[in-house]
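[1] I need the structure of the sequence given here:
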Amino acid sequence: MTPAAKLIRLTYIALLILALLAPMIGLYPVFVMKLLCFAIFASAFNLLLGFTGLLSFGHAAFFGSAAYITGWLIKMQHWTPELGILAGMLGAGVIGVVVGLVAIRRQGIYFAMITMAIAQMVFFVCLQAPFTGGEDGLQGVPRGALFGWLSLASDTAMYYLVVAVFVASFLAISRIVHSPFGQVLKMIRENEPRAISLGYQVDRYKLLAFALSAALSGLAGSLKTLVMGFATLSDAHWSMSGEVILMTLLGGVGTFFGPVFGAGIVISLQDMLADKVGSWVNVIIGVIFVLCVLAFRKGVVGELQAFVERRRSAAKPQAR
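    Next up, the predicted model:
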């Protein structure tokens, strides 16, 4: 293992320890849970954009649809939280397959606009369907008891469930990217014609990547509903798709920790500034995003990784 890999592993371990100790050192559990939910969402989006090269403007459809499915099943049908989360993931994955079958026939901006158009259809369903609560959304969604016996009513119990799901999701995405399947996705991102010439069924790989990204986005939406106790139209609005793009680009596209870092910046700014500047918080975040794009073309984490690589490359000739 290289020194850089050891450093990354130690950093991950330190962050995990910090996450486990967060409620004991005074960090507000609900805030951290919300951050981790959006970190899962951004990491799922990064699987599609950063490692497959597909830009979706409609990922809010998967986040929002799963939020509504989970909220309705738990509140109205009295499902246990784990079944509600699985149903939300499955629903988002199915929608992802349907959207993917239509969208992957096009590339570039045409792909992005198709995803956005279908996402607006999902938003309209969330607004008009009789079981979604319309403009009021689904309010008062209970957390229930995990497997029917472990109550999630306390923020502490819910917090450690979210941490466990986040770690599992992060490891799953890492495993996907480092698998042979993930290597093919990277090849499609770098040179799709070459992947086709080598005999790979590129559309199938794209569709599977899209469905996986949608299901993981649905997982984030389902968890968010449990944590906050409601699902609203903002979960499925086009602005939510813009937020996840912002998080991913801010942290670093194609990096593992970049989307997590980007989600942390955006959610922290929203939490700290919302009661001070109101709707101007979006303007402030936009200015910060523009400055970061100008100063850090690869995102904050991406630029740090590039800096470390340059230092290593410069040190090799001297070592010889």
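[2] after the helix or strand hosting Leu127 comes which helix or strand?
    Element membership for Leu127, per DSSP states H and E: helix 108-128. Moving toward the C-terminus from helix 108-128, the next helix or strand (DSSP H and E) is strand 145-146.
[3] Listing partners with orientation, what would you give for the helix or strand following that following strand?
    Going down the chain from strand 145-146, the next helix or strand is strand 150-151, by DSSP H and E. Each strand pairing with strand 150-151, determined using DSSP bridges, is listed with its direction: strand 145-146 (antiparallel).
[4] Give me the residues contacting the strand it pairs with.
    The set of residues external to strand 145-146 that reach it, using CB atoms under 8 Å, 6 or more residues apart in numbering, is Thr80, Pro81, Glu82, Ser151, Leu152, Ala157, Leu161. All C-beta atoms are positioned from the backbone trio N, CA, C, and that covers glycine.
[5] which element is the last one on?
    What it means is Leu161. helix 155-178.
[6] buried stuff in the following helix or strand past that helix?
    Note on helix 155-178: by DSSP H and E, the next helix or strand toward the C-terminus is helix 180-190. For helix 180-190, burial by neighbour count (16 or more other CB atoms under 10 Å) applies to Gly182, Val184, Leu185, Lys186, Met187, Ile188, Arg189.
[7] Lys298: which of those is nearest?
    Distances from these to Lys298 were compared by CB to CB; the smallest belongs to Arg189, at 14.8 Å.
[8] In terms of pLDDT, where does that closest one sit?
    At Arg189, the predicted lDDT confidence score is 92.
[9] same question for the strand or helix carrying Val293, mean pLDDT?
    Assigning secondary structure by DSSP H and E places Val293 in helix 280-295. Regarding helix 280-295, the rounded mean pLDDT is 82.
[10] got the angle for the helix or strand Val97 falls within vs helix 108-128?
    Applying DSSP H and E as the criterion places Val97 in helix 81-103. With axes from the mean of the first three to the mean of the last three CA atoms, to 10 degrees as the basis, helix 81-103 and helix 108-128 are set at 140 degrees to each other.
[11] residues contacting Thr132?
    Tyr68, Trp72, Val125, Cys126, Leu138, Ala231.
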